[in-house]
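Participant: requesting a structural model of the entry that follows:
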Amino acid sequence: MKFALDNGFKRPATAAVEFKRSRPSGGAGSRGPRRDAGPSRSPSRGGSTSSRGGYSRPQSGGSRSGGGRSGGRNFQEMNVDLSKLVNKATAPAEVEVYVPTHTFAEFAVDERLKTNIANKGYVAPTPIQDQSILPMLAGRDVVGIANTGTGKTAAFLIPLIDKVLKFRAAGTDERVLVMVPTRELAIQIEDEFFGFAKGLGVNSVTCVGGANIVPQIRVLKRNPAFVIGTPGRLKDLMERRELNLEHFGTVVLDEADRMLDMGFIDDMRFIMSKMRKERHTLFFSATMSRDIQALIGAFLNDPVHVSVKTRETSHTIDQDVIRVHHTQKFDKLVELLKDESFDKVLVFGRTKHGVERLAKDLRSSGIRADSIHGNKTHSARQKALIAFKRGDARVLTATDVAARGLDISGVSHVINYDLPSTYEDYTHRIGRTGRAGKAGMALTFIP
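Facilitator: Residues are numbered from 1 along each chain as shown. Alright, predicted model coming up:
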C-alpha cells in the first residue's frame, strides 16, 4: 500500500470501541423484519443539519459531519476490544495451504456439468466444497459453517444441478428452493447457476422484492427446476397461490444467520411448513448461535456437519482504525480517496439516507461514487452494483445490505464510515475485500 496512515493510533491494552445498535426508521444497523430488503414506503426525511441519517450534509461554510456517536435514538452500546479492529495481513508463505482430497473431475456428476465446471476455471475445490459435495450427492442433509467468500454457492449448486439431471434421466422431476436474505445474493446465485447449468436444459427463476412480480409469476408457471428468492417475496407468491412448495424435494437455506438477524424467522418457518417433511435440506451459516442450532433441529434430519471457519476475519485483510472527529470525517474520507491505491472502495454507513447523501457529496467533490441501500429500487441497485464492478463508479457507499453474500472482485478497501451495530456485522463488512487470496485493507473511523 502506498498510502501511509497517520491516525495517531496506539494500541491500548484495554481500550474499547462502542458499537451501537440503532433503531431509527431505516437504520442499517437495526434488526427489524425485512430491514433493507426493499424500498421504504415512507419518504426520506430532509433536514441537512440532522445527523439522524448517519451522515450530515455540510452547510455553506461549515464542516461535513458523519452520523458518529451522537446520531440516532434508542441505542444499545456494545463494547469491543479495539485491538480486534487492528490486524496485519498474514504473508501468504505463513498461511497453511489447504490440500483438498478431491478434484472436481473426480466427483460423480454429469459429464456435461463437469465441462461447465472446467469452463468456469474450477479445478481444486475449496474446503467447504471439498467436504460437503460428496454428502450432498449422497442425499444427506448438510450444515455448512464457513466464512463469507469460501465458495458455498458452488458447493450446493453443483450437486443439486446434478441431482435434477439424474431425476430427469429416471423420468421424474426434482425442484429446488434456494432461500436467501437479500435480493443481491439471490441474483448472484442465479448468475453462478447460469454458468454451471449452461446447455443442460435446467432453468431457474429469481423471486425477490423490489422487482416486478408479474414476470416472476410468468416464469414460475413454467415450473423451473430452481427457485431462488427472499423469504418475503416467496411468502407473497405462496399466498397468491403462484408457488406451491409441495412439489419441491430440496431446499437450501443460505446465509441463515442473516435471515434470522433480519427478522425473517416467521416467514422461514411458514415457508418450510408448506414443504413436504421428507425433503433434502442444506443449511449454510457463518455462525452457530443457539437460535441457529434450534433452526437446525427443526428443519434438518440427521445432518452432516461441515465446519471450515478458521478465524473471524480473513488473513489477507490489513485492518486499522482512523481517529477522526465526526465533523472532520468527510474531509478525511476525501483525503483517503485521493490516493491512487484506493481504486475500488466500499464505504459503509449506518442508514439509507446517510449513504445516499454521502455518495452525492463525494460526487460533488469529484469522486465517482454511487450508492446501494434499501430505499433504491431493484433496478437502481443493480445499476449501481454493475457500475461499481465495471469501475464506472470508483466508490460504492452502502448500508449493511451489501455486507453479506455479494462477491465483488477486486475491492481494494472497505471503509467503515459509521460503526456497525455488532462485531459480527463488522466481519461481514470487511469480508468484501481480501477475497480469493488477494490482499485488501479495512479502515474504521472512530472518534
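Participant: what segments of the stretch 101-250 of the chain are helices?
Facilitator: Secondary structure of the stretch 101-250 of the chain (DSSP state H, counting those that start in this stretch): helices at 111-119, 127-137, 152-169, 183-197, 213-220, 231-239.
Participant: among those, which is nearest residue 394?
Facilitator: With CB to CB, the closest approach to residue 394 among these belongs to helix 183-197: 19.5 Å. The C-beta positions use only the backbone N, C-alpha and C, and glycine is treated the same way.
Participant: what's in contact with the closest one?
Facilitator: 37-38, 113, 116-117, 119-120, 153-154, 157-158, 161, 178, 180, 203-204, 206-211, 226, 228-230, 254-255, 372, 378, 381-382, 385, 401-402, 404-407 (CB atoms under 8 Å, 6 or more residues apart in numbering).
Participant: got the buried residues for that helix?
Facilitator: Of the residues in helix 183-197, 183, 184, 185, 186, 187, 188, 189, 190, 192, 193, 196, 197 count as buried by neighbour count, 16 or more other CB atoms under 10 Å.
Participant: one more: stretch 279-296?
Facilitator: Using 16+ other CB under 10 Å as the burial criterion, the residues of stretch 279-296 that qualify are 279, 280, 281, 282, 283, 284, 285, 286, 287, 292, 295, 296.
Participant: which one of those residues is nearest to residue 392?
Facilitator: The closest of the buried residues of stretch 279-296 to residue 392 turns out to be residue 286 (CB to CB; 30.5 Å).
Participant: what about the closest one, distance to residue 181?
Facilitator: Distance, residue 286 to residue 181, using CB to CB, to the nearest Å: 12 Å.
Participant: returning to that earlier point: filter the contacts of helix 183-197 to the buried ones?
Facilitator: Those of these that meet the buried threshold are 37-38, 113, 116-117, 153-154, 157-158, 161, 178, 180, 204, 206-211, 226, 228-230, 254-255, 372, 378, 381-382, 385, 401-402, 404-407, by 16+ other CB under 10 Å.
Participant: ok, now which ones touch the residue nearest to residue 107 when sequence neighbours are not counted?
Facilitator: In space, and not counting its chain neighbours, residue 107 is closest to residue 133: 5.9 Å by CB to CB, 6 or more residues apart in numbering. The neighbourhood of residue 133, defined by CB under 8 Å, 6+ apart, consists of 102, 107, 125, 155, 158, 159.
Participant: the closest residue to the fourth one other than its chain neighbours: how many residues sit nearby?
Facilitator: With CB to CB, 6+ apart as the criterion, residue 155 has its nearest non-adjacent residue at 4.5 Å, and that residue is residue 129. In terms of burial, residue 129 registers 28 neighbours under the definition other CB atoms under 10 Å.
Participant: can you check residue 215 too?
Facilitator: By other CB under 10 Å, 10 other residues sit near residue 215.
Participant: residue 418 too?
Facilitator: Counted with other CB under 10 Å, the burial measure for residue 418 works out to 32 neighbours.
Participant: kindly report the same for the one 3 residues further on.
Facilitator: Neighbouring residues of residue 421 were enumerated by other CB under 10 Å; the total is 24.
Participant: now it: how far from residue 392?
Facilitator: Going from residue 421 to residue 392 by CB to CB gives 31 Å.
Participant: what of residue 159?
Facilitator: As it turns out, when the distance is counted by CB to CB, residue 159 lies 37 Å from residue 392.
Participant: now for residue 338, how many residues are close by?
Facilitator: By the criterion of other CB under 10 Å, residue 338 has 12 neighbours.
Participant: what strand or helix carries residue 283?
Facilitator: When elements are assigned from DSSP states H and E, residue 283 belongs to strand 280-285.
Participant: after that strand, next one along is what?
Facilitator: Using DSSP H and E, the next helix or strand after strand 280-285 towards the C-terminus is helix 290-299.
Participant: avg pLDDT for that following helix?
Facilitator: Mean pLDDT, computed over helix 290-299, is 91.
Participant: next, the angle from that helix to strand 280-285.
Facilitator: Between the axes of helix 290-299 and strand 280-285, defined by axes from the mean of the first three to the mean of the last three CA atoms, to 10 degrees, the angle is 180 degrees.
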